[in-house]
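Enquirer: Task: produce atomic coordinates for the following.
(2 chains)
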2 protein chains.
Amino acid sequence: MKLNNRGLLVVISGPSGVGKGTVRKALFDMPNHNLTYSVSMTTRKIRPGEVDGKDYYFVSKEEFEKKIKEGKLLEHAEFVGNYYGTPLDKVNEKLEAGSEVVLEIEVEGARQVKEKMPDCVMIFIAPPSKQDLYNRLKKRGTESEEIIQERVAKANREFKKAYLYDYIVVNDEVNNAADRIMAIIRAEHAKTARTIHKYLELIGEEE
Amino acid sequence: MKLNNRGLLVVISGPSGVGKGTVRKALFDMPNHNLTYSVSMTTRKIRPGEVDGKDYYFVSKEEFEKKIKEGKLLEHAEFVGNYYGTPLDKVNEKLEAGSEVVLEIEVEGARQVKEKMPDCVMIFIAPPSKQDLYNRLKKRGTESEEIIQERVAKANREFKKAYLYDYIVVNDEVNNAADRIMAIIRAEHAKTARTIHKYLELIGEEE
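Expert: Residues are numbered from 1 along each chain as shown, chains lettered A, B, ... in the order given. Purely as a prediction, here's the structure:
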């Protein structure tokens, strides 16, 4: 019996190259969960095979900037001349329906989410060591030494943001990390701050 | 890989009759854990078959009161003319060794523990409903209506202390409640407040 029926907004973030996507995938592959994605909004052109409302919500630049001004995006960023963001109303609908909404986003986006929705669960994925992350960044492709150095510098800045998170989970083994995140979600549902209201109803109603 | 190697002090409490003992037993029966009890100290006489240091630490009243004055008890209470309490040094030894120390205690004792060790994990076990607890209290024995009414009144006072806890776990089904507590323990180990120190070491050492 859960005393909190509202879903949780779970933010999975961490430095580039740490394996956020792999951890998120392992999490969704686990049995018996109520996890859901949030479809992002973007101003980039729709590609063949993509479906509006499934892959992305495709909107114009004007529409997107209007959403920003009205505070209707949980977070957003610009990337290669296009906007990407998370629509607040869609996330709220899912949370109200009792689903956990999982956002796998960059460190800067995570900071924005925490500001807009302070009761979200912020999880920082950390590498087993700094060297491990450097090795991953280097292995990623055939990029120049300059690009690799830029990535390392970015990772070093992102490393320092861990203190802004509620939890730090080391991605030593992907299923281990996913298991730990599932435990965090279960525990968060039992937190007094989230349960006391319904608990008091339960106690009071029967007096 | 855990970033926090110190064990957790886990306080399981809640109103009398809620089934704290059964939940604690189910918790210890689970596989792959590092949970341990804390042996209490008492001034009551040792009984045949009991072992000092195993069942209780048996001490004199003078010794016990000295411990209280020196702040060496995590919590204590008087019951039918005898003192009962939890020795702080023994708990700390186990925590340092990386074991989770589980205390299953009354609401008043739990409050004392929270004061002495604010980083403990406070879990309030709640009944599925108020009526459910009343029924359990009534079924307990052949006591008079007066004693039952006293118990109900005590439970009603204890119900109101739930807000002092970090988590509220409903004991609807004992294994369910134990599962949830195990998730809480795993999640607490990943909390930033407990991990940031070692995380920064991990990051800093390799610069």
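
Enquirer: Now do the strands in chain A.
Expert: Ranges of strands in chain A, per DSSP state E, are A:9-13, A:35-36, A:41-42, A:57-58, A:73-79, A:82-87, A:100-104, A:121-126, A:167-170.

Enquirer: Tell me which of those lies nearest to chain B.
Expert: Chain B sits nearest to strand A:167-170 of all those, at 4.4 Å, using Cβ to the nearest Cβ. Bear in mind the C-beta positions are built from the backbone N, C-alpha and C, glycine included.

Enquirer: outside of that closest one, which residues touch it?
Expert: A:23, A:121-128, A:162, A:177, A:180-181, A:184, B:1-3, B:187, B:190-192, B:195-196, B:199 (Cβ atoms under 8 Å, 6 or more residues apart in numbering or on different chains).

Enquirer: Run through the residues of chain A sitting next to chain B.
Expert: Contact residues, chain A versus chain B (Cβ under 8 Å from any Cβ of the partner chain): A:1-3, A:124, A:126, A:128-131, A:159, A:162-163, A:165-170, A:172, A:176, A:179-180, A:182-184, A:186-188, A:190-192, A:195-196, A:199, A:202-203, A:206-207.

Enquirer: can we see that at 6 Å?
Expert: Within reach of chain B by Cβ under 6 Å from any Cβ of the partner chain, chain A has these residues: A:1, A:3, A:128, A:130-131, A:159, A:162-163, A:165-170, A:172, A:180, A:183-184, A:186-187, A:190-192, A:195-196, A:199, A:203, A:206.

Enquirer: Give the burial count for the closest residue in space to A:Phe124 that isn't next to it in sequence, as a bare number.
Expert: Nearest non-adjacent residue to A:Phe124, counting by Cβ to Cβ, 6 or more residues apart in numbering or on different chains: A:Tyr165, 3.9 Å away. The tally of other residues near A:Tyr165 (other Cβ atoms under 10 Å in any protein chain shown) stands at 26.

Enquirer: Over to A:Pro48?
Expert: For A:Pro48, using other Cβ under 10 Å, the count is 4.

Enquirer: Quick check on it: phi, psi?
Expert: phi -50, psi 130 (degrees, to the nearest 10).

Enquirer: Now do the buried residues in the helix or strand of chain A with the lowest mean pLDDT.
Expert: Least confident helix or strand of chain A, by mean pLDDT, DSSP states H and E, is helix A:130-139 with a mean of 84. For helix A:130-139, burial by neighbour count (16 or more other Cβ atoms under 10 Å in any protein chain shown) applies to A:130, A:132-134, A:136-137.

Enquirer: which of those residues lies closest to chain B?
Expert: A:Lys130 (4.2 Å).

Enquirer: picking up where we left off before, now, the contacts of strand A:167-170 that are in helices?
Expert: In helices, defined here by DSSP state H, the members of these are A:23, A:177, A:180-181, A:184, B:187, B:190, B:192, B:195-196, B:199.

Enquirer: wait, doesn't the residue nearest to A:Phe124 sit right on B:Thr192?
Expert: Yes. Between A:Tyr165 and B:Thr192 there is a contact under Cβ atoms under 6 Å: 5.4 Å.

Enquirer: Stretch A:62-77: how far from the chain's middle?
Expert: In terms of Cα atoms, centre = their mean, to the nearest Å, the centre of stretch A:62-77 is found 18 Å from the chain centre.

Enquirer: cool, stretch A:169-183 as well?
Expert: 15 Å.

Enquirer: so what's the spatially closest residue to A:Met122 that is not a sequence neighbour up against?
Expert: Among residues not flanking A:Met122 along the chain, A:Tyr165 sits closest, at 4.2 Å (Cβ to Cβ, 6+ apart). For A:Tyr165, the contacting residues are A:122, A:124, B:192, by Cβ atoms under 6 Å, 6 or more residues apart in numbering or on different chains.

Enquirer: try it again with 10 Å
Expert: Shown in contact with A:Tyr165 (Cβ atoms under 10 Å, 6 or more residues apart in numbering or on different chains): A:11, A:13-14, A:107, A:110-111, A:114, A:121-126, B:190-192, B:195-196.

Enquirer: model confidence over stretch A:56-63, on average?
Expert: Per-residue pLDDT over stretch A:56-63 has a mean of 96.

Enquirer: list the buried ones in it?
Expert: A:56-59.

Enquirer: Columns distance to B:Glu150 on top of the strands of chain A, output as JSON lines?
Expert: Putting the strands of chain A into JSON lines (distance: least, Cβ to Cβ, whole Å) gives the following:
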{"stretch": "strand A:9-13", "distance to B:Glu150": "45"}
{"stretch": "strand A:35-36", "distance to B:Glu150": "47"}
{"stretch": "strand A:41-42", "distance to B:Glu150": "61"}
{"stretch": "strand A:57-58", "distance to B:Glu150": "61"}
{"stretch": "strand A:73-79", "distance to B:Glu150": "52"}
{"stretch": "strand A:82-87", "distance to B:Glu150": "55"}
{"stretch": "strand A:100-104", "distance to B:Glu150": "43"}
{"stretch": "strand A:121-126", "distance to B:Glu150": "42"}
{"stretch": "strand A:167-170", "distance to B:Glu150": "43"}
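
Enquirer: Do you know the pLDDT at the residue nearest to A:Lys116 when sequence neighbours are not counted?
Expert: Excluding its sequence neighbours, the residue lying closest to A:Lys116 (Cβ to Cβ, 6+ apart) is A:Leu74, at 5.4 Å. pLDDT recorded at A:Leu74 is 96.

Enquirer: go on, A:Ala177?
Expert: For A:Ala177, the predicted pLDDT is 96.

Enquirer: shouldn't it be in contact with A:Lys25?
Expert: No. A:Ala177 is beyond contact range of A:Lys25, at 11.2 Å (criterion: Cβ atoms under 10 Å).

Enquirer: so what sits against both of these two?
Expert: By Cβ under 10 Å, 6+ apart, the residues touching both A:Ala177 and A:Lys25 are A:Gly19.
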